[in-house]
Every structure is written in C-alpha cells, then in structure tokens.
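Q: With the input below, show me the fold.
(one chain, ligands or ions: 1)
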Amino acid sequence: MKPTQKPANPNFSSGPCSKRPGYDISSLDIQSLGRSHRSSLGKNLLGRVCSETAEILGLPKGYRVGVVPASDTGAVEMALWSLLGPRKVQMFAWESFGEGWVSDVLKQLKLEGVETFTADYGQLPDMSKADPSADIVFTWNGTTSGVKVPTGDWIADDREGLTICDATSSVFAMEMPWEKLDVITFSWQKVLGGEGAHGMLILSPRAVERLESYTPSWPMPKIFRMTKGGKLIEGIFKGETINTPSMLCVADYLDALDWVKSVGGQQGTIARSEANLAVIEAFVAARDWISFLAADKAIRSNTSVCLTLSLDDEQVKKVVKLLDQEGVAYDIGAYRDAPAGLRIWCGATIDSNDLELLMPWIEWAYNEVR
Ligand SMILES: Cc1ncc(COP(=O)(O)O)c(C=O)c1O
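A: Numbering: from 1, shown residues only. Okay, the predicted model is just below:
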C-alpha cells in the first residue's frame, strides 16, 4: 500500500543538511551585511562564533576556536600542512573522506614513513594500533560509510604526538573527548544545518605549541598561515579571519547556535540525533531486506546512516529516484564511492517524526522496484 502521509520536510541529504525545524531566513540578524568584517560589529559577531562554539561544546580551557577559509576541507588541510612533518604520522581511514586525507599526506606532502590503517566500508580499522609517539590523523565519523569511532579510549592521555580529527559530521551530534583531540575541524552545513562556507578549526594548547616551534619545509599559502614570526596569530581565534568571510553565513551560523541552545545545548542535539537513529534501527530490525552498512551497533553513525537493500545497484537507484519523485526524501543515495544503498541524514536538524513517516515510503518503494 502506498503511504498517504509524507514527511513535512523531505530534506535528508548528508550535506548541506536540512535546516533546523522552524528555520526562517527572514529572522536572521543581518545588520552586518554590507559592512566590513573588520568593523567592530563584524569582529564582534565573528568573535561570538568562536566563543559561543567553545562554550556550547564545552571545550577545555586553553582550546582556541577559529574561523578559517574553505569549509572543513580548508580546516583539515591547514592543519595537515602546518603541523605534520616532525614526527612519524599514522593515518586511519575507512571511507572516502579519510582516504582523501591519506592521499594528500602521501602524494602532496610526500611525507615518508607514514603508517596507514584502513578498513572497508562498514568497518573500522584497528584503532589500538595508535602509537602515542606519532601524529595521528583520522575522521571521527565517516560520513560516506556511516561508521564512527565509538570512543577515544584508544588515544593515550600522555601522548607525545598530536591527534588531528576531522569531525565535521560528528560535532554537536556525538560525545567527543576533547582532551584527547589536539585539532578538531568541522563545517557549518552538517549537524547545525548552517550554510556551507567556512571551516572551523579548534586547536589544543599542544597543537599551538607545535605551530610555534616547528616550521614546515614546504611553502605555506597565505590562507594556511597561522603564525607570524614564530608566534600564533591569536586574532584568527578571536574573529579576525585571514580573509573575507560571508557575513550572511555568519548570521546563519549564529542563528543555528541559538537554536542549539534552545534545544538544550549539545546534549539536546546529541539526543535528537540518537533518537533519529533509533527510528531507523527499529524499522531495520523488523525487516530482512534492509541492513546497516555498519553491522556493529557500537560503531554505527547516528548522523550519516548508511543502509543496504537486497536489490541490485540499478534497482537501488530506482528506489532513490522514486522517493525523490514522490517528494518524500531528497538526496538519499549512497555516496558515489560507497556501496550502493541509502544514506539518510539523522543529525539534530532532522525531526524524528519525519523519519517515522519516511520509513513506510522506503518499504513501499522497495516493493515497487522489486
Ligand atoms: C568527514 C568529512 N570530511 C570532509 C568533508 C568535506 O567537507 P567540506 O565540504 O565542508 O569541506 C565532508 C563532507 O561531507 C565530510 O563528511
């Protein structure tokens, strides 16, 4: 039977992700538009982006939060290019984005002696191989495979190396052990449903120490430079961005942060995301034709939820198309490099009610195609 009720919001894309419930562009505070980002107004707003992010995430004292160019990719590249070199590097990757960082370190930075640990889609590499003396690069949540690291227990508290964590689809949706992370990066368009534009770069005091004591042998483009005369450019972490940001995106991000506060802060957004995953888990548990790519519940993402169907690749594409045509779910095909299937965003901006309504449509589309 074709369901009759449709999700109120069919935006289940994994990036840019759905806007928050009740989002209204006309309610953004746009007094900074057309003004200099270096005006006291502009700097104040950008400063709030940094300080409110730190406060809501509950970052440890001494951690710095900066707005940097080029979204999460920009933030990760800045960290890799600025920090890597003086120590052995270990890279852990289990899907497309993590593999991209491996490729950059091996083929662009051309670092030698790098240890790489990988796993197939749906699995996690052996994180216990982490060496406390090495710099470690990894992705907290693999957005294209729906596999996350369950904890940071594998990271030594007394490590000598730095941990560089791409956290774009986990920040605000998963508990993260900040003290174990020296570099954390994310972008605005994921869990917060903000606008894609700028990257967020969070540095521990140890990461800053490295920046101030090590100069890479390779040239550093202006948009990657975080030090001047061997000292951290502190302004970057107070709202004095390296280059011009979009103040409209800034207004949108501050609106998203206000929403996070209104739902109970980070604990509220984590709970919303976990409740969303629970809807899909209940649906999958009662059916034998649909499964999680991450079979192990402990490593299963509660944001980018990846599913496989007992259909061939062409049939899966038809399911995705049917759901799109019916206006019940947009952009939920698996990532291009991942096994064919569905990827349904379950971050905090998604309403669990909408997921409840989507599930029968998936069953209907599966039966239509089969
Ligand atoms: C884990 C991960 N890393 C990096 C990126 C790239 O992020 P951006 O487009 O914000 O640079 C994404 C985007 O989906 C991602 O999911």
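Q: show me what contacts whatever residue of the stretch 151-300 of the chain ends up closest to the ligand?
A: Minimum separation of the stretch 151-300 of the chain from the ligand (Cβ to the nearest ligand atom) falls at residue 187, amounting to 3.3 Å. Where C-beta positions appear, they are placed from N, C-alpha and C, glycine not excepted. The contact partners of residue 187, by Cβ atoms under 8 Å, 6 or more residues apart in numbering, come to 15, 71, 72, 75, 168, 194, 196, 198, 199, 200.
Q: Got phi/psi on it?
A: Residue 187 adopts backbone torsions of phi -120, psi 170, taken as degrees, to the nearest 10.
Q: Return the residues of the stretch 1-150 of the chain in contact with the ligand.
A: Within the stretch 1-150 of the chain, the residues that sit near the ligand (Cβ under 6 Å from any ligand atom) are 15, 71, 72, 73, 97, 139, 143.
Q: Hmm, the last one is touching residue 170, no?
A: In this case it means residue 143. No: with contact defined as Cβ atoms under 8 Å, residue 143 and residue 170 do not form a contacting pair (9.0 Å).
Q: Name the residues contacting each of the two.
A: residue 303.
Q: Give me the mean pLDDT for stretch 290-305.
A: Average pLDDT, stretch 290-305: 98.
Q: Would you mind confirming that residue 188 makes contact with residue 252?
A: Yes: Residue 188 is in contact with residue 252 according to Cβ under 8 Å; the separation is 7.5 Å.
Q: what is in contact with those two at once?
A: Joint contacts of residue 188 and residue 252 (Cβ under 8 Å, 6+ apart) are 194, 195.
Q: Low-confidence bits of the stretch 51-200 of the chain, can you list those?
A: Low-confidence segments of the stretch 51-200 of the chain, defined by pLDDT under 70, are absent.
Q: still on that earlier bit, rebuild the residues of the stretch 1-150 of the chain next to the ligand as TSV, extending it with distance to residue 279.
A: As requested, those are exported to TSV (distance: Cβ to Cβ, whole Å):
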residue	distance to residue 279
15	20
71	29
72	27
73	31
97	25
139	25
143	19
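Q: of residue 188 and residue 252, who's got more company?
A: Per other Cβ atoms under 10 Å, whichever of residue 188 and residue 252 has more neighbours is residue 188, with 26 against 23.
Q: List the residues that contact that one.
A: The contact partners of residue 188, taken as Cβ under 8 Å, 6+ apart, are 71, 194, 195, 196, 197, 198, 200, 249, 252, 253, 256.
Q: Any chance you could list what contacts the biggest helix by length in the chain?
A: Counting residues, the longest helix found in the chain (DSSP state H) is helix 265-285. For helix 265-285, the surrounding residues in contact (Cβ under 8 Å, 6+ apart) are 56-58, 172-175, 191, 260, 263-264, 290-292, 297, 300-303, 305, 307, 344, 346-348, 350, 352, 355-356, 359, 362.
Q: Among those residues, name the buried ones.
A: 57, 172-174, 191, 260, 290-292, 300-303, 305, 307, 344, 346-348, 350, 352, 355-356, 359, 362 (16 or more other Cβ atoms under 10 Å).
Q: Sitting in helices, which of those do you find?
A: Those of the buried ones among the contacts of helix 265-285 lying in helices (DSSP H): 57, 260, 352, 355, 356, 359, 362.
Q: Which member of the residues you listed is positioned nearest residue 340?
A: Lowest distance from residue 340 to those (Cβ to Cβ) belongs to residue 362, with 14.6 Å.
Q: Can you give me the pLDDT of that closest one?
A: 98.
Q: Just to check, it is in contact with residue 355?
A: No: applying Cβ under 8 Å as the test, residue 362 and residue 355 come out as separate, 10.1 Å apart.
Q: Can you name the residues that contact residue 17?
A: By Cβ under 8 Å, 6+ apart, the contact set of residue 17 is 11, 189, 190, 191, 193, 345, 347, 349, 350.
Q: for the chain, what spans make up the strands?
A: Secondary structure of the chain (DSSP state E): strands at 64-68, 89-93, 115-118, 135-139, 141-142, 147-148, 163-166, 183-187, 199-203, 227-228, 231-232, 290-292, 304-309, 342-345.
Q: partners of the fifth one in the sheet?
A: Put plainly, it is strand 141-142. Strands adjacent to strand 141-142 in the sheet, as given by DSSP bridges, are strand 147-148 (antiparallel).
Q: Return the distance of the strand it pairs with from the chain's centre.
A: Averaging C-alpha positions (Cα atoms, centre = their mean, to the nearest Å) puts strand 147-148 11 Å from its chain's average.
Q: residues contacting the residue nearest the centre of the chain?
A: Centroid check for the chain by Cα atoms, centre = their mean gives residue 168 as the closest residue, at 1.6 Å. With contact taken as Cβ under 8 Å, 6+ apart, residue 168 is in contact with 72, 141, 143, 185, 186, 187, 190.
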